[in-house]
Structure formats: C-alpha cells, structure tokens
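> sharing a model that was predicted from the sequence below.
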Protein chains: 2
Amino acid sequence: MASVEFSKILAFFKALSDESRLKIVGALASNERSVEELATLLELRAPTVSHHLAKLKEVGLVEMRSEGTTHIYHLVMSEMRALTKRVLTLDSIETFTEDVVPDAWERKILGDFFEGQRLKEIPASRKKREVVLRWLVERFQFDKRYTEKEVSAIIAKHHPDFATLRRELICAKLLARESGVYWRP
Amino acid sequence: MASVEFSKILAFFKALSDESRLKIVGALASNERSVEELATLLELRAPTVSHHLAKLKEVGLVEMRSEGTTHIYHLVMSEMRALTKRVLTLDSIETFTEDVVPDAWERKILGDFFEGQRLKEIPASRKKREVVLRWLVERFQFDKRYTEKEVSAIIAKHHPDFATLRRELICAKLLARESGVYWRP
DNA sequence: TTGTAATTTTGATATACATCTAATTAGATG
DNA sequence: CATCTAATTAGATGTATATCAAAATTACAA
C-alpha cells in the first residue's frame, strides 16, 4: 500500500501538471482573483476554471473567500513551499517505493537461474551474475579460512564450473585470497 | 506565446504526475537500475518502463549508461533540485501568465459597462465597480482642486447618478475631500 | 555469421480528464 | 416574491496517454 506521503505528493504533481492550472497559479501569484476574472484572463469558460480551482483547493494550494456571490481565490504559498521542499530531500523520495518488496528483483533472478540448489547457468550480464555470486558467498562462513580445494568443493555442489565462479567471487571482492588461503571479508 | 521557463516547468510536473514514474524516481533514488530490474520492482512490462524512462530522460531527470545490452538508468538530483527551486520563487511563478494580456479583465468590464463615454449602469459587484471607478477618476487631473459642483459635472457626463459615484470615489479613496474641496491623491 | 538477451519502437486499446453547454444552486436587489 | 448574477454541478465529447503484445533493433557471444 502506498504511503500517505506518496499519494499527497502524487496529487500535488497531478494538480500542477496541467497548462491551465499552472497559469491559474501564475495569475494568483500576483493577486487574489474571482472565477470570472480568471476565466477572462485565460480565455476559458467559468465552469472550466471552477473545475480547476476545485482541484487546486483539494491539495491545499488555493483557498477561497466569498464576497456576495463572487468567490475570490488566493494562493497558499506555504503549502507550495512545504510540498516542493519534501520533493527535494532524497529521504522522502525513497519512500515512494516503500510499498514494493525491496528484493523482488534478486529473488526473481535466483528463481530464474537456480533449480533447487543447482545453478542452471552462469548469468552473462554483470548485474545478474552479481546476484548469483552474492547468494553463493553465503555458503561460506565469515570467520573461517578455506583452502582452494575446499572453496572449489563448496562451489561445485552448485555448478560444475567451479574455477570460473571462484575467480568471479574474488573479482567481485566477495571472497579474499592470499597465498592460497581464502576467506570472507 | 508561453515562455520557455513555463513549458520547462510544465514538462517537469507532467513528468512526475504519474504513479509509475514517481515510483521509478523513488527506486532510482537509492540505486541505479536496469530497465528489467525496474519492471520487476514495479510489476510492469519492460516496454512500459522504457516509455516512462524516455519521458523522464526528456526533462533531464534521469540519465542512462550502457553496459552490454543492458541500459542502466540513474537519477539526476541536480536537475530535480534546480526545477523545484524555480517553482518556489514567487517571481518565476508570476511569469506563468506573462503571455496573457494583464488587463484583459479590466478592458472586458469597461467594454461591458460603457457605451462609448456613457456608463450604462453602475456595477453591483465590488470588483467590477472598482474597475469603473478607476476609469472615472482618470477624468480628473492630479494637481488640480475641484469644487463639488465641478466634480458632479464631470461625472454627470458619463452617468446621471453623479451623487452615488462621487461618494463611491471618495469611499474607494480615489478622490480626497476636505471642507468642500476635492482633489486626486 | 548466426543466435540470444535486453531494450526500444510500433500499433492497438482502454482509461483519465480538460473542456464545453445546459441545468442548478446561492446571494443580492428591486 | 421575482429576478439577476456568479458559481457550481451534471452530462457529453474529444484528446491525451498508460499499458500491453508483437515486431524491430542493438550488442554481445558462440
């Protein structure tokens, strides 16, 4: 489920993603104005302007005051500032996908390339290969030292080409090696 | 004709006014990602994601790097910041309507209520009445003093109810009065 | 060169929505 | 109360566009 933050920001962008509404905001920036006045300025019919103002009001960007039968709208700059500021921070942007399972991609790759414990094929693309390598390196303990034979044996349980995979693990810095001894850094 | 500033900002809002694109931006906020990866994360087909990325690239919010046949996209935060900052300043917001004749409204009111030099009727709504009064006060010179008779005579050339209009001019502070003498402040 | 995987382009479809006219509501005026 | 004006709501229509499947493209590998 999308966060309230997300829908608020999405609504904000939707509100300002229309030429007429953006012009209305521009017109209100210098002055409060009635519906009829805005309609004349933008060369639109009153119902159209009314419809746009309703959308802007929904997200809190404008407010209305009655004077007789005429409704006078004005911009709420504080809301404008509050919303744009939120978009500026990386932290809040990341929440845009918080309803998404963050490792869906990795799990899909593992599902595609493994048949149980057995690696069907070494992925050609770097990004996919890295996912497989990160899974492989989990078969090793952190505080233990391995001989080359041991490393090869562990890898061989998942794929016959242990030499290539061993090299790739080193290359990706997932395993470290010095004078024939391997460990997990 | 709309300013380049205006269309740039409109394009920016259009780019971010879609749920999927906003989520893409969110996903790219923490990491660069391939098309396939984004498609898995958002549960969309690759062509759809490709289409969205093209739109984001058009406004400079993302950039792309090739790695083999996979295209890896990343967010351009500087562009994000530059665009949101521009929206924050009142000055630039006002330019959203710079292609609009600023006094279109006033001219329409004057056209509606005047028959040549003759005021057909005194507008009931305050906003419209003020437009008419501002036109009327232009019939008076700045550095001259008028008797009440003179004021009434000038107004009467445009409308019979000079008393009401004279009072309204004072009330709107467009004319000043002291001990029977009138002038334009 | 032939094949394969990732992406993009094309074409089709369905939905969202901006705009208009006509009808309705709400205040103000005579 | 009847009327007028400004605004909103309802209903209709056309355009924009998000999405997908299928075809075309691109870059790499065998």
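Now that the structure is in, tell me what you want to look at.

> contacts, neighbours, all on C-alpha from now
Noted.

> what's the neighbour count on residue A:61?
By the other CA atoms under 10 Å in any protein chain shown criterion, the neighbourhood of residue A:61 contains 22 residues.

> same check on residue A:37?
22.

> what's the spacing between it and residue B:131?
For residue A:37, the distance to residue B:131 equals 12 Å [CA to CA, to the nearest Å].

> per the record, what domains does chain A have?
A:4-97, A:104-183 (automatic domain parsing).

> deepest-packed of those, please.
domain A:4-97 (a mean of 18; mean count of other CA atoms under 10 Å in any protein chain shown).

> distance from that domain to the middle of the chain?
Distance of domain A:4-97 from its chain centroid, counting by CA atoms, centre = their mean, to the nearest Å, is 25 Å.

> ditto for stretch A:156-171
33 Å.

> what sits up against that stretch?
For stretch A:156-171, contacts defined as CA atoms under 8 Å, 6 or more residues apart in numbering or on different chains pick out A:117-121, A:133, A:137, A:151-153, A:155, A:175-177.

> can you tell me which of those end up in helices?
Among those, the members falling in helices are A:133, A:137, A:151, A:152, A:153, A:155 (criterion: DSSP state H).

> low-confidence ranges, chain A, go.
A:1-2, A:90-92, A:95-102, A:104, A:116 (pLDDT under 70).

> returning to what we had before: hmm, which two among the ones in helices among the contacts of stretch A:156-171 are most spread apart?
Taking CA to CA, the two most distant members of the ones in helices among the contacts of stretch A:156-171 are A:133 and A:153; they sit 15.6 Å apart.

> is any part of stretch A:22-34 close to DNA strand C?
No. Using CA under 7 Å from any atom of the strand, stretch A:22-34 stays clear of DNA strand C, coming no nearer than 10.0 Å.

> what ranges do the helices span in chain A?
With DSSP H as the criterion, chain A has helices spanning A:4-16, A:19-30, A:35-42, A:46-58, A:77-88, A:90-94, A:104-113, A:126-137, A:148-156, A:162-171.

> adding distance to residue B:14, write those helices out as a markdown table.
Formatted as a markdown table, these follow (distance: least, CA to CA, whole Å):
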| stretch | distance to residue B:14 |
| --- | --- |
| helix A:4-16 | 7 |
| helix A:19-30 | 10 |
| helix A:35-42 | 20 |
| helix A:46-58 | 15 |
| helix A:77-88 | 15 |
| helix A:90-94 | 17 |
| helix A:104-113 | 28 |
| helix A:126-137 | 31 |
| helix A:148-156 | 50 |
| helix A:162-171 | 43 |
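
> for chain A, which residues are neighbours of DNA strand C?
A:14, A:18-20, A:43-49, A:51-52, A:67-69, A:125.

> so which of those reach DNA strand D?
Near DNA strand D, by the rule CA under 7 Å from any atom of the strand, you find A:46, A:47, A:48, A:49, A:51, A:69 out of the residues of chain A next to DNA strand C.

> which one in chain A is furthest away from the centre?
residue A:68 (47.5 Å; CA atoms, centre = their mean).

> mind listing what the residue of chain A at minimum distance from DNA strand C touches?
Of all residues in chain A, the one sitting closest to DNA strand C is residue A:68 (3.2 Å; CA to the nearest atom of the strand). By CA under 8 Å, 6+ apart, the residues touching residue A:68 are residue B:125.

> phi, psi of it?
With angles defined as degrees, to the nearest 10, residue A:68 sits at phi 70, psi -130.

> any idea how far residue B:122 is from it?
16 Å.

> repeat that for residue A:93.
Applying CA to CA to residue A:93 and residue B:122 gives a distance of 55 Å.

> got it, and residue A:149?
Taken as CA to CA, the span from residue A:149 to residue B:122 is 101 Å.

> same check on residue A:127?
Where residue B:122 is concerned, residue A:127 sits at a distance of 75 Å (CA to CA).

> do the same with residue A:89
54 Å.

> likewise residue A:37?
Look at residue A:37 and residue B:122: by CA to CA, they are 18 Å apart.

> and the closest residue to residue A:81 other than its chain neighbours, what does it touch?
In space, and not counting its chain neighbours, residue A:81 is closest to residue B:88: 6.0 Å by CA to CA, 6 or more residues apart in numbering or on different chains. Counting by CA under 8 Å, 6+ apart, residue B:88 touches A:80, A:81, A:84.

> flag every residue of chain A that's near DNA strand D.
Checking chain A against DNA strand D by CA under 7 Å from any atom of the strand, the hits are A:34-37, A:46-51, A:53-54, A:69-72, A:124.

> go again using 10 Å as the cut-off
Selection of chain A residues close to DNA strand D by CA under 10 Å from any atom of the strand yields A:17-18, A:33-40, A:45-55, A:57, A:63-73, A:122, A:124-126.

> could you measure from residue A:57 over to residue A:33?
Taking CA to CA, one finds residue A:57 at 14 Å from residue A:33.

> likewise for residue A:7?
29 Å.

> over to residue A:179?
Applying CA to CA to residue A:179 and residue A:33 gives a distance of 79 Å.

> what's the answer for residue A:164, then?
On the measure of CA to CA, residue A:164 and residue A:33 end up 72 Å apart.

> and what of residue A:8?
Separation of residue A:8 from residue A:33 (CA to CA) stands at 26 Å.

> also residue A:52?
14 Å.

> and the spatially closest residue to residue A:57 that is not a sequence neighbour, what are its bridge partners?
Distance criterion CA to CA, 6+ apart; nearest residue to residue A:57, sequence neighbours excluded, is residue A:63 at 6.1 Å. On the basis of DSSP bridges, residue A:63 is bridged to residue A:74.

> pretty sure residue A:63 contacts residue A:77?
No. Residue A:63 lies out of contact with residue A:77 (CA atoms under 8 Å); the separation is 10.5 Å.
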